[in-house]
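Chemist: Pasting the sequence and the predicted coordinates here, then a few questions.
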Amino acid sequence: MEKLTVTPWEVNGELNDSSYSKLVEKFGVDLINDNLISRINKISKGNLHPLLKRKVFFAHRELNLVLDDYENNRPFYLYTGRGPSGKMHIGHLLPFTFALWLQRTFNVNLFIQMTDDEKFLISGKEKNEIEKFTNDNILDIISLGFDPKKTHILADYRSAKVLYYYATDVAKHITVSTVKAVFGVNDSDNIGKVFFPSMQITPAFLFSALTGKKMRCLIPYAIDQDPYFRIARDVLPKLGYYKPSAIISKFLPALQGNSAKMSSSKTESAIFLDDSKAEVKKKLMKYAFSGGKDTLEEQRKYGANPDIDFAFLEYSFLEEDQGKVDRIYQDYKSGKMLSGEMKELAAEKISEFLESLKTKKEKMKDRVGEYMFDPEKIKLYS
Ligand code: TYM
């Protein structure tokens, strides 16, 4: 079997329950238990996000301390990001839709980092191509509905003056051998890859650095990004800041569900945000992994397994009416609903979501400036 490798720059091997358990152990993260869920449920007044409810966000680091802070009226902030190497697919949206829900639930500030420098260093793409994707991805992200007053986008090249200043503090505490061990960097790699992790770690304390107030940072991401923040947790206390907390998700699987993640490099594995209604439908009908039975008779008799069904899972993330999701779950599981019907329903929901995102994106074109990082805005929280 292919060896399981999960780093920010390489994901290989089967992604199933047992590999996630291995990663939890290897990375030293904790599972989100019922006690944490019920605390968050209470704070959200019963509006638990479906990604938490369905345990797609399944692991964490010191999430309890962030909840303690919130419950004791101590401020904290959120941080997440995107490496703009291409068009975004619906898998990339998971941490962002979740961050949006966290921002609304806790009413907190959020940093979004666009690591254009990372993508320049690790991909074969030219800077001007990456810049186009940076601008386009930013539009996709802000169209989700983030609060412009509390959302600060750090595009690394544009925010380099501030980021670099603090990144050198981080770099001074990370050895080359750590980067080799954690990211799989080797002697023939370019030296930019060795320095880059300090850029991604910096926003995890930037709010505290700029305001002079020590504040916790909560970072939502899929588990491939964990290596950065594992190192951050060693370094930040040495600089006088809290270890960052994290809330960590599994990957949205490839359409084919073949224990691979949805990936931009495999076009047929992904639904892209600019896919048309016809493309979405075609991809779902042709590729989407089904938890249903092989024949109509068997499906009617034994029902489907919605928990591994791509169409159901995606539908459940997008449908706001959780009562409706629960009903569909029961109907599909009991055999009342067929796999083709589930795919139709999901295709409809996904296209509706993508169409509305496209309309919002058009309107957002003039508003990007409101979201871009400005250190003076952060200092107002001093
Ligand atoms: P990137 O652009 O590879 O991915 C953006 C975010 O999406 C998550 N992700 C997925 N989530 C669910 N299903 C998938 N199939 C899937 N593929 C990717 C990633 O874990 C990530 O959270 N270096 C980063 C950008 C970054 C960042 C951050 C990410 C900068 N600072 C802080 C998270 C937190 C990157 O290239 O992400």
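Modeler: Everything's here; your move. Bear in mind that the values here come from a model prediction, so they are computed numbers and not experimental data. Numbering: from 1, shown residues only.

Chemist: Got phi/psi on residue 187?
Modeler: When read as degrees, to the nearest 10, the backbone of residue 187 gives phi -60, psi -20.

Chemist: what separates it from residue 246, distance-wise?
Modeler: Look at residue 187 and residue 246: by C-beta to C-beta, to the nearest Å, they are 30 Å apart. Every residue, glycine included, has its C-beta placed from N, CA and C.

Chemist: okay, the two: which has more neighbours?
Modeler: The residue with the greater number of neighbours, taking residue 187 and residue 246 and applying other C-beta atoms under 10 Å, is residue 246; the counts read 29 against 6.

Chemist: Which residues does whatever residue of the stretch 101-250 of the chain ends up closest to the ligand form beta bridges with?
Modeler: Distance from the ligand to each residue of the stretch 101-250 of the chain (C-beta to the nearest ligand atom) is smallest for residue 222, at 3.1 Å. Taking DSSP bridges as the rule, residue 222 bridges to residue 249.

Chemist: correct me, but residue 23 touches residue 6?
Modeler: Yes: the pair residue 23 and residue 6 qualifies as a contact (C-beta atoms under 8 Å) at a distance of 5.9 Å.

Chemist: Give me the packing partners of the strand or helix carrying residue 182, helices and strands only.
Modeler: With elements delineated by DSSP states H and E, residue 182 resides in helix 176-183, which encompasses its position. Secondary-structure packing of helix 176-183 (3 or more C-beta pairs under 8 Å, 6 or more residues apart in numbering; DSSP states H and E): helix 192-201, helix 226-235.

Chemist: residues of the last one that come out buried?
Modeler: Taking 16 or more other C-beta atoms under 10 Å as the basis for neighbour counts, the residues of helix 226-235 that come out buried are 226, 227, 228, 229, 230, 231, 232, 233, 235.

Chemist: neighbouring contacts of that helix?
Modeler: Counting by C-beta atoms under 8 Å, 6 or more residues apart in numbering, helix 226-235 makes contact with 7-8, 23, 27-29, 61, 170, 173-174, 178, 182-183, 197, 200-201, 204, 219, 221, 243-244, 246, 248, all of which sit outside it.

Chemist: got the residue ranges for the strands in the stretch 51-200 of the chain?
Modeler: For the stretch 51-200 of the chain, the strands defined by DSSP state E, counting those that start in this stretch cover 57-61, 76-82, 110-114, 151-155.

Chemist: strands paired with the longest one, and their directions?
Modeler: To tie it back to what came earlier, the one meant is strand 76-82. Sheet pairing for strand 76-82, assigned by DSSP bridges, gives strand 110-114 (parallel), strand 216-222 (parallel).

Chemist: Adding mean neighbour count and mean pLDDT, write those out as JSON lines.
Modeler: Written out in JSON lines, the entries for the strands paired with strand 76-82 read as follows (neighbours: other C-beta atoms under 10 Å; pLDDT from 0 to 100):
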{"stretch": "strand 110-114", "mean neighbour count": "25", "mean pLDDT": "98"}
{"stretch": "strand 216-222", "mean neighbour count": "24", "mean pLDDT": "98"}
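
Chemist: re the thing from before, I'd like the helices and strands packed on helix 176-183 as TSV, with mean pLDDT and distance to the ligand appended.
Modeler: Converted to TSV, these look like this (pLDDT from 0 to 100; distance: least, C-beta to the nearest ligand atom, whole Å):
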stretch	mean pLDDT	distance to the ligand
helix 192-201	98	5
helix 226-235	98	7
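
Chemist: out of those helices, nearest to residue 157?
Modeler: Between residue 157 and the helices and strands packed on helix 176-183, the tightest spacing by C-beta to C-beta is seen for helix 192-201, at 10.4 Å.

Chemist: who does the closest one touch, helix- and strand-wise?
Modeler: Judged by 3+ C-beta pairs under 8 Å, 6+ apart, helix 192-201 is in contact with helix 116-122, helix 160-171, helix 176-183, helix 226-235.
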